[in-house]
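1. fold the following for me, if possible:
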Amino acid sequence: MSITALAQSNIDGDTTMNILATLKPFMGVFFIAFFGALIATPLMRLLALKNGIVDWPDLHRKNHIEPIAYLGGIGIFFGWFAGVAFCYITQASENAHLDLGMLISIILGALAITLTGLFDDVYGISPRVKVGGQLFAAAALAHQKIGIHLVENTWAIFGLPDFTGAYHIQYILGTAVIAIFVVGGCNALNLIDGLDGLAGGVTAISAVGFLILAGLSANDAVEFSLILVMCLAIIGATLGYLPYNFNPASIFMGDAGSLLLGFLCISTILLFSKTGDQALKLVTASLIIFALPITDTSLAIFRRKMRGKPIMSPDNEHMHHLFRRSGLSVKKSVLAMYAIATMFAVIGCGMVYLQFAWTYMLVVATLIYTYILVMSYKYGHKLALLDKMRKEQEAAEQAAQPIPATAESASTPAEPEV
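-> Here you go, the predicted model:
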């Protein structure tokens, strides 16, 4: 049965069963990715410990008290790549045909992102170099127009004229959108990677949401096959990695892993832009599913700018840090973040399942992100005021302290009055 027939049967049959039937030809991707990461991650841990590639505790922002191995992100990459390669090589069914050009572009981008993060984990590189690697990955997607259709569809919906040269403007705008999405998504996942199991679990939840979107909307478009494969490979690789990273962690993914997972999530979101008439609706829903990393990043940007600090400077004011300071353990803080990520996934998938019009979905997304921005501003303003009050108090206390007499003035007798 074709993907179109399976998707159409969702109207009359049991939705859950039909989604599972749609996914059945691709399930080998999940298992290969899962076992690939499950096997590769402990090997990467041994390699990291042997070469001293570890994360040292600082007792300020980090919760571990002993050095923990890096290179978990390399294990995730191996698992994900194994799953995707398995599907392409074996062609699990007649519906599993993948666009080789798009697949190669995503793999090249993922490889560039992983190597960028790896160099940062091992040697330490500047933020500009890291952004450069992310822009290279974005260029790989732009080469296959992965995401550019988003601008073209939006252009058509708003009835903008299709004059001579409009295509070039759309391509330039589309390339800029891809760059913003990739840089933003990579750093969003990087910023929430602060507790054991957090980034991997949130990514898995988001990927499940993307998978449900694709299952609800699937047709014979090649892009849907690639989306299904991407989601299953991401879920399998992260779940294969999580047993080693959940609290207490024995390995960290490092920037190689967090940047990679951000790139893979954004690539999946941009793939929805090539799904025809449903593109804008599915992209909007997928951005809602990915709202937790966006929320935390928005909070960080507003917080740091209003406090006069560089955007890339680390701090301990992220959402997971606030949960920890409220008294929750590491595991409970992570589970609380999982619950928030699941809530966003349910909202995004629910609107597609209930067949909300794109305009209504856009209103919901706008309300969510407007609320996020307002809360970000309020929280950043509060921290800026606290910083100012703290500095004023320290200055007042320093001014109130008596100036100690120097040894010379203490030993010199006072001159007699005339």
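
2. looking at this structure, which helix is longest?
-> Using DSSP state H, we find that the single longest helix of the chain is helix 358-400.

3. packing partners of it?
-> helix 279-289, helix 291-306, helix 330-353 (3 or more C-beta pairs under 8 Å, 6 or more residues apart in numbering; DSSP states H and E). C-betas here are computed from N, CA, C, even on glycine.

4. adding mean pLDDT, write those helices out as JSON lines.
-> Listed next are the helices and strands packed on helix 358-400 as JSON lines, based on pLDDT from 0 to 100:
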{"stretch": "helix 279-289", "mean pLDDT": "89"}
{"stretch": "helix 291-306", "mean pLDDT": "82"}
{"stretch": "helix 330-353", "mean pLDDT": "90"}
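
5. out of those, flag the one nearest residue 375.
-> helix 291-306 (7.4 Å; C-beta to C-beta).

6. the next helix or strand after that closest one: which residues count as buried?
-> Using DSSP states H and E, the next helix or strand after helix 291-306 towards the C-terminus is helix 319-325. Judged by neighbour count using 16 or more other C-beta atoms under 10 Å, the buried positions of helix 319-325 are 319-321, 323-324.

7. off-centre distance for helix 319-325?
-> 18 Å (C-alpha atoms, centre = their mean, to the nearest Å).

8. now do stretch 112-121
-> The answer for stretch 112-121 is 16 Å, by C-alpha atoms, centre = their mean.

9. pLDDT weak spots in this protein?
-> 1-19, 58-65, 91-97, 218-223, 376, 379-380, 402-418 (pLDDT under 70).

10. mind jotting down where the strands sit in it?
-> 54-55, 68-69 (DSSP state E).

11. with distance to residue 103 added, can I get the ones you listed in CSV?
-> Below are these laid out as CSV (distance: least, C-beta to C-beta, whole Å):
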stretch, distance to residue 103
strand 54-55, 33
strand 68-69, 31
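
12. re the thing from before, tell me the most buried of the helices and strands packed on helix 358-400?
-> Each of these was scored by mean neighbour count; the highest is helix 279-289, a mean of 25, by mean count of other C-beta atoms under 10 Å.

13. between the strands of the chain, which one is nearest to residue 266?
-> strand 54-55 (25.1 Å).

14. show me what the closest one is packed up against.
-> strand 68-69.

15. quick one: contacts of the strand it packs on?
-> With C-beta atoms under 8 Å, 6 or more residues apart in numbering as the contact definition, strand 68-69 has outside contacts at 44-45, 48-49, 53-55, 249-252.

16. cool, stretch 47-60 as well?
-> 62, 64-71, 121-122, 251-252, 254, 316.

17. which of those residues are buried, as a ChimeraX select command?
-> Selection of buried members from these for ChimeraX, criterion 16+ other C-beta under 10 Å:
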select :64,68,69,70,71,121,122,251,252,254
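
18. which among the contacts of stretch 47-60 gets closest to residue 154?
-> residue 254 (36.0 Å).

19. which stretch among the strands of the chain comes nearest residue 194?
-> Here strand 54-55 is closest among the strands of the chain (C-beta to C-beta), at 11.6 Å.

20. C-alpha coordinates for stretch 147-156, CSV please?
-> Presented in CSV, the C-alpha positions along stretch 147-156 are these (Å, rounded to 0.1, in the frame of the first residue of the first chain):
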residue,chain,number,x,y,z
GLY,A,147,13.9,25.6,3.3
ILE,A,148,13.8,28.0,0.4
HIS,A,149,10.3,26.7,-0.6
LEU,A,150,9.1,28.2,2.7
VAL,A,151,9.8,31.7,1.4
GLU,A,152,8.3,30.8,-2.0
ASN,A,153,5.1,29.5,-0.4
THR,A,154,4.8,32.6,1.9
TRP,A,155,5.4,34.8,-1.1
ALA,A,156,2.5,33.2,-2.9
